[in-house]
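Peer 1: need a structure here:
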Amino acid sequence: MTLRYKFVLPLNLILVVTFLASLYWEWQRQEAMGIALLRSRVDEESRFIHAAHRSFGVTPQFQSFIVGFCHGVDPNASPEHQVAFVGPDGKILAEAAEHARFPIDFGSLKASGDGFSTLKQDGETFLVRVSSADGYRAIVAESTRGVQDRVRANLRIQAGWVFGAGVLVFGAANVVMRRAVLRPIRQISRAVQKLEGGQLGVEVAFPKRDELGALARQFNAMSRTLADQAEAERCEMETARRVQAHLLPPGDLRLGCLRVVGRCLPLGPVGGDLYDVQLLSGGRVGLLIVDMSGHNVAAALHTAMVRSIVWREAESANGPGDVLANLNAQLCLDSPDDYFATAFFGWFDPATNQFHYANAGHPGPFLQDTSGKCQVLGSTMPLLGVIPDESGADATVDVDLGSRLLAFSDGLIEVADASGRIWGTSEILTIFEADRFAELNCLLARLLARRLEVRGEGSPEDDVTVVLVEYSPTALQGLSEIAPITNEVT
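Peer 2: Numbers count the residues shown, from 1 in each chain. As a prediction, this is how the structure comes out:
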């Protein structure tokens, strides 16, 4: 219900009820006043009749007085004026009803006591006065129609004035309500809707010094504060995004025995996914993929911590399993209870043509040999940050010149189509096997494009990381970037 119906309509109803009540009260007042005047006149007439009787007695002259008395009354003002004079024996000695359309049966009133009474006859209401003196009774009946007609005429005139004044009051009240209350409230309401729509910093131009003006100023202050906070958070988020992007390797690079092409696409400005490639001692090249729970700044900070711990531990660890075990202990110690991570870490050793790896609850990468056959490098230990004293476990596989590795986070595979069916790994494996001679960048682009085609409305969303690795032990040692490609979403 709008404010117009909540405030303006009740106000108008109150004014209408007040207008009608005032007319009703004025009607009652004028009618009471008219009846009081009529009673006074009728009482005075009854005294005149008794005075005439004392002067003339019951004579033809008295009868003429009674008739003339009725003639002397304005027939337009009192068309039903009627008089009777009753003797001690109850006999009507004189009566007159010169202008009466509905003559009263005075015989039925002879037994009435002194005083005033009302009589309804043939749709007409009469005020009847019975008075006694010296055993004689004078009965005067006067129609109240004249009083009612005068009241109606006066009320019509007054109603016109009151109605005109009411229209002015209604109009003034509505204008004041609209200008002083509804308009500023609408302005504030529109500003709130804009604020809800994301238009931070919107203000209401309402300079008045009343309560609504104070509310508008408070809203403006709140809007500016939210805008300032949002800008500060945006700057902080942009800084975090740049820092996290700086932690990622170039999108296409050669490092030692590897050619690596990868993309890390966070769900928001920052995310919980990270991949990295580093040159280790002995010509080894390490590969790390981490998926932290969450998509916020805290998750991004944890990925930076994970990256630092892994590369520090990798130089002296006996195997990738020990690296992830030490990382798990650190996460259990420093991370909140609701944080956990999956990770895949390993290193290619060109001296032995082997790949040593550990998988902590991460989706299993596909390792493809030169014949096109693929194997899944499944989990070797539980996910990280849950069980403090978990020991590390790793595995080793042989690799040949030209072998390829496809690693990814669950954001790539856990998308649903329009029917709600999760995409999974089957089609990804089919594409990887079918395009085993495709250029790495083209293969990666095809995988990401197919994911977008599969994703239906309402599909789960997550950070997406995809890494393609080609083992080339005869490549130049050291770091040489090939047309670095950014990991940021454009």
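Peer 1: which helix or strand lies directly C-terminal to the helix or strand where D43 lies?
Peer 2: If you go by DSSP states H and E, D43 is part of helix 9-56. Next helix or strand after helix 9-56 toward the C-terminus (DSSP H and E): helix 60-71.
Peer 1: and the next helix or strand past that following helix?
Peer 2: strand 82-86.
Peer 1: could you pull out the strands for the stretch 301-450 of the chain?
Peer 2: Applying DSSP state E, counting those that start in this stretch to the stretch 301-450 of the chain gives strands spanning 341-349, 354-360, 366-368, 374-376, 395-398, 404-408.
Peer 1: okay, now the unreliable bits of the chain?
Peer 2: Scanning the chain for pLDDT under 70 picks out the ranges 1-8, 70-80, 98-99, 110-111, 179, 206-207, 337, 474-490.
Peer 1: show me it divided up by domain.
Peer 2: Per automatic domain parsing, the domain ranges recorded for the chain read 3-150, 248-481.
Peer 1: pipe these into JSON lines and attach distance to N220 and mean neighbour count per row.
Peer 2: Bear in mind the C-beta positions are built from the backbone N, C-alpha and C, glycine included. What follows is the domains of the chain, written out as JSON lines (distance: least, Cβ to Cβ, whole Å; neighbours: other Cβ atoms under 10 Å):
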{"stretch": "domain 3-150", "distance to N220": "21", "mean neighbour count": "16"}
{"stretch": "domain 248-481", "distance to N220": "28", "mean neighbour count": "19"}
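Peer 1: to F219, which of those domains lies closest?
Peer 2: Of all those, the one in closest proximity to F219, counting by Cβ to Cβ, is domain 3-150 (16.6 Å).
Peer 1: can you add distance to E196 and give the domains of the chain back as CSV?
Peer 2: Formatted as CSV, the domains of the chain follow (distance: least, Cβ to Cβ, whole Å):
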stretch, distance to E196
domain 3-150, 19
domain 248-481, 20
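Peer 1: wait, which of the ones you listed is closest to R209?
Peer 2: Closest approach to R209 among the domains of the chain (Cβ to Cβ): domain 3-150, 21.2 Å.
Peer 1: quick one: the helices in the stretch 101-250 of the chain?
Peer 2: Counting by DSSP state H, counting those that start in this stretch, one finds helices in the stretch 101-250 of the chain at the ranges 145-177, 183-196, 211-247.
Peer 1: got those as CSV, with distance to L429 columns?
Peer 2: Listed next are the helices of the stretch 101-250 of the chain as CSV, based on distance: least, Cβ to Cβ, whole Å:
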stretch, distance to L429
helix 145-177, 71
helix 183-196, 45
helix 211-247, 29
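Peer 1: right, so of the ones you listed, which gets closest to G378?
Peer 2: For G378, the closest of those is helix 211-247, at 27.0 Å, according to Cβ to Cβ.
Peer 1: that closest one vs helix 183-196, what angle?
Peer 2: 10 degrees (axes from the mean of the first three to the mean of the last three Cα atoms, to 10 degrees).
Peer 1: distance from helix 211-247 to the middle of the chain?
Peer 2: Its chain's C-alpha centre and that of helix 211-247 lie 22 Å apart, by Cα atoms, centre = their mean, to the nearest Å.
Peer 1: give the buried residues for it.
Peer 2: For helix 211-247, the neighbour count (16 or more other Cβ atoms under 10 Å) marks 212, 216-217, 219-220, 223, 227, 237, 240-241, 244, 247 as buried.
Peer 1: remind me what the next helix or strand after that helix packs against, helices and strands.
Peer 2: Counting by DSSP H and E, the next helix or strand C-terminal to helix 211-247 is strand 252-255. Contacts defined by 3 or more Cβ pairs under 8 Å, 6 or more residues apart in numbering; DSSP states H and E place strand 252-255 against strand 258-265, strand 273-279, strand 479-481.
Peer 1: now render those strands as TSV, adding distance to G319.
Peer 2: Listed next are the helices and strands packed on strand 252-255 as TSV, based on distance: least, Cβ to Cβ, whole Å:
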stretch	distance to G319
strand 258-265	19
strand 273-279	16
strand 479-481	24
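Peer 1: looking at the ones you listed, which is nearest to S419?
Peer 2: Nearest of the helices and strands packed on strand 252-255 to S419, taken as Cβ to Cβ: strand 258-265 at 24.6 Å.
Peer 1: residues in contact with that closest one?
Peer 2: With Cβ atoms under 8 Å, 6 or more residues apart in numbering as the test, strand 258-265 has contacts from 248-249, 251-254, 271, 273-275, 277, 285, 287, 348, 411, 440-441, 444, 448, 463-472, 475, 482, 485, 487, 489.
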